[in-house]
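Enquirer: I would like the atomic coordinates for the input below:
(one chain, ligands or ions: 1)
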Amino acid sequence: MYGGAKAVFYALSRSTVLKRLASRYGMAGGESFARRFIAGETIDTAVAVARRLESEGLLLTLDYLGESVKTLEEAQAATGEYVRLIDVIVAAGIERNFSIKLTQLGIDVDRATCVDNLRRILERAGRHGFYVRIDMEHSRYIEMTLEIFETLWAQEYRNLGVALQASLYRTATDVRRMNELGARVRLVKGAYKEPPAVAYRHKAEVDAAFLRLARELLDSGTYPAIATHDERIIAAVRAYAAERAFALDRFEFQMLYGIRRDLQASLAAAGYRVRVYVPFGREWFPYFMRRLGERPANLGFVVRAILRER
Ligand code: FDA
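Expert: Purely as a prediction, here's the structure:
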């Protein structure tokens, strides 16, 4: 069944012992296994990665890692850090684009404060020409996330978009809801372990839903982001866009840092807009575990790196 590995890695991602061990070894030393997917723990390392990607003709979005905060202090600290990063990024001269999680801004603690935090980031980000994408988290957050998005959209914050997950039944409706607003959607398959009541159980169903929704976004959406490393889906999207003579800048592909760099490069070389999602920061453990859950074979390189370090 699709999602078995996700469930195991999701459970492990909540282990504080494992997190402590991984945090000690994952980023340290030349063989650091987390660096495969994480740009580094500091903004300086992320800027260096961003510059390299831009020199290769790729676009980027930066994710200052953090999620599921439990206190308002943590949420304020993350918000303050995003605000501070705006100045650093402007000074560095790299592309101005963030991906942000609402559980990092305190949605679990107090929804109104979370909205205020996001608004604080958007205010400053907007003044400096940043684009902000709200990542989509577990299905229990979707309605709240879309309502917050719609509130801010109604307040004329237009430097803002959302991600939607093809693995969920509700997403067909959500795509229409966003298309009617004229909002930009990033379409992903969905990285969270979801109950069968809300999500497709088989990979083939998720892939079919992704392609259906991608076509709908290409036809009726606003500059959609097709975020996948799935070669078959990417080929089908390219064919669909070509048949309709859609301009190459009508949409963009997006991929995660460290995954299918060959595909990122070949799409960019073919003239497509390709944005790389670049996560950085000390709170990399849950993000890293989701990447392992998507492809358990990744455990091989973790084990090899640890053995080499001994
Ligand atoms: P699929 O899992 O079928 O993989 C297709 C191929 O890609 C694999 O055969 C393999 O070659 C490669 N691949 C995929 N994952 C890999 C991995 N971890 N390691 C190595 N190779 C891998 N999810 C979410 O729920 N909310 C969100 O906001 C986002 N945001 C987001 C932004 C961007 C830019 C991307 C690309 C993805 C996300 N995701 C996400 C994650 C998404 O939901 C999904 O889990 C991953 O993209 C993996 O699915 P694929 O579409 O790549 O397909």
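
Enquirer: which residues in this structure form helices?
Expert: Using DSSP state H, the helices assigned to the chain run over residues 4-12, 16-25, 43-55, 72-92, 111-127, 142-154, 171-181, 203-220, 231-243, 261-269, 285-294, 299-309.

Enquirer: and those helices as CSV, adding distance to Val162 and mean pLDDT?
Expert: Every C-beta, even on glycine, is put in place using the N, C-alpha and C of the backbone. What follows is the helices of the chain, written out as CSV (distance: least, C-beta to C-beta, whole Å; pLDDT from 0 to 100):
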stretch, distance to Val162, mean pLDDT
helix 4-12, 22, 76
helix 16-25, 28, 72
helix 43-55, 23, 98
helix 72-92, 17, 98
helix 111-127, 12, 98
helix 142-154, 5, 98
helix 171-181, 7, 98
helix 203-220, 12, 98
helix 231-243, 19, 98
helix 261-269, 23, 98
helix 285-294, 18, 91
helix 299-309, 31, 73
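
Enquirer: tell me which of those sits most buried.
Expert: Of all the helices of the chain, helix 285-294 has the most neighbours on average by mean count of other C-beta atoms under 10 Å, namely a mean of 21.

Enquirer: show me what that one is packed up against.
Expert: helix 4-12, helix 16-25 (3 or more C-beta pairs under 8 Å, 6 or more residues apart in numbering; DSSP states H and E).

Enquirer: quick check: which of those is nearest to the ligand?
Expert: If you check each of the helices and strands packed on helix 285-294 against the ligand by C-beta to the nearest ligand atom, helix 4-12 wins as the nearest, at 8.5 Å.

Enquirer: export the helices of the chain as JSON lines, with columns for distance to the ligand.
Expert: Below are the helices of the chain laid out as JSON lines (distance: least, C-beta to the nearest ligand atom, whole Å):
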{"stretch": "helix 4-12", "distance to the ligand": "9"}
{"stretch": "helix 16-25", "distance to the ligand": "16"}
{"stretch": "helix 43-55", "distance to the ligand": "13"}
{"stretch": "helix 72-92", "distance to the ligand": "16"}
{"stretch": "helix 111-127", "distance to the ligand": "15"}
{"stretch": "helix 142-154", "distance to the ligand": "10"}
{"stretch": "helix 171-181", "distance to the ligand": "11"}
{"stretch": "helix 203-220", "distance to the ligand": "7"}
{"stretch": "helix 231-243", "distance to the ligand": "7"}
{"stretch": "helix 261-269", "distance to the ligand": "8"}
{"stretch": "helix 285-294", "distance to the ligand": "4"}
{"stretch": "helix 299-309", "distance to the ligand": "10"}
